[in-house]
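Enquirer: test case, fold it:
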Amino acid sequence: MSLKLMYITNRPEIAQIAESAGVDRIFVDMEYIGKSDRQGGMDTVQSHHTLEDVNIISKSIKKADLLVRVNPIHEATDQYTSSKEEIDGAITNGADIVMLPFFKTLNEVEKFIGYVNGRAKTMLLLETPEAVEIIDDILNLEGIDEIFIGLNDLSLGYGKKFMFELLADGTVEDLCYKFKKKGIPYGFGGIAALGKGMLPAEKIITEHYRLGSTCVILSRSFCNVDKIKHMGEISNLFVNGIQDIRNLENQVSVHSKFFENNIKDVKKGVDLVLENIK
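Expert: Numbering: from 1, shown residues only. Okay, here's the model as predicted:
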């Protein structure tokens, strides 16, 4: 089965192009609480999408699922509404899947599942060392539909210099094994277009297949719509880029010989990036 491809945007015209090209999930990202503090100085996406964006994107797509990342579990303050209100709003405005980021405790996950209450699918974004420590307890909870490993924040939590170190050192593999045993679909990280990225996208995609992953985010570098303004060029990048990914998937899904050499290449690639960082 092909990987479910996800792309972050709050622009309906881009969502429609992505959907037409074969993106499976349009990702509206409402998370902002605490994000700039922990990712300060990093070249990461901080979207600040809103419930209005959820509503607009919901009405603009037909085939793709609408995935909404809400904020970490929180109470209402003068600056923002409570998690319950935020999750209610996301679902009311059309979210098919609600994603919980940056949780650290079992109680946070229990609250999240309760707030969603079966009205949409739940996806946990596993991105703190604290959550990894209690992952066995978390996986015993009822109501978790999917899990995604957030390599950016998790690598920061472990003091890593490059997020794909966690792919090379076995951390991602150990977690995927636990998810698989529980029968919960899972994914991790993001990919650029084939042939691009500090660690080439084709190496990462092959690891997704080796580890039994079901989904991945198309990163900003796959198609940076902040820099590319011509809609025809954006459409071509999506169509051709996704076709390249699907062609590669057809190869690696039937030839397990790729796997043994690929993990060696990943480790070498990570080591090379780390040498350049130093």
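Enquirer: which of the helices and strands in the protein ranks last by mean pLDDT?
Expert: Ranked by mean pLDDT, DSSP states H and E, the weakest helix or strand in the chain is helix 35-38, scoring a mean of 66.
Enquirer: which residues does the residue positioned nearest the centre of the chain contact?
Expert: In the chain, the C-alpha nearest the mean C-alpha coordinate belongs to residue 217, at 4.8 Å (Cα atoms, centre = their mean). Residue 217 makes contact with 6-8, 27, 189-191, according to Cβ atoms under 8 Å, 6 or more residues apart in numbering. Using the backbone N, CA and C atoms, a C-beta is placed for each residue, glycine as well.
Enquirer: cool, residue 188 as well?
Expert: By Cβ under 8 Å, 6+ apart, the contact set of residue 188 is 148-151, 167, 172, 176, 208, 211, 213, 216.
Enquirer: from these, which ones fall inside strands?
Expert: Among these, the ones falling in strands (DSSP state E) are 148-149, 216.
Enquirer: of all those residues, which comes closest to residue 275?
Expert: Minimum distance to residue 275 across these is 24.8 Å, recorded for residue 149 (Cβ to Cβ).
Enquirer: wait, what's in contact with that closest one?
Expert: Residue 149 neighbours (Cβ under 8 Å, 6+ apart): 126-127, 166, 172, 175-176, 186-189.
Enquirer: if I look at it, how far off is residue 276?
Expert: 24 Å (Cβ to Cβ, to the nearest Å).
Enquirer: would you list the contacts of residue 188 in JSON lines and tack on pLDDT and distance to residue 70?
Expert: As requested, those are exported to JSON lines (pLDDT from 0 to 100; distance: Cβ to Cβ, whole Å):
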{"residue": "148", "pLDDT": "98", "distance to residue 70": "14"}
{"residue": "149", "pLDDT": "98", "distance to residue 70": "18"}
{"residue": "150", "pLDDT": "97", "distance to residue 70": "14"}
{"residue": "151", "pLDDT": "97", "distance to residue 70": "20"}
{"residue": "167", "pLDDT": "96", "distance to residue 70": "26"}
{"residue": "172", "pLDDT": "98", "distance to residue 70": "24"}
{"residue": "176", "pLDDT": "98", "distance to residue 70": "24"}
{"residue": "208", "pLDDT": "96", "distance to residue 70": "25"}
{"residue": "211", "pLDDT": "96", "distance to residue 70": "27"}
{"residue": "213", "pLDDT": "97", "distance to residue 70": "23"}
{"residue": "216", "pLDDT": "98", "distance to residue 70": "21"}
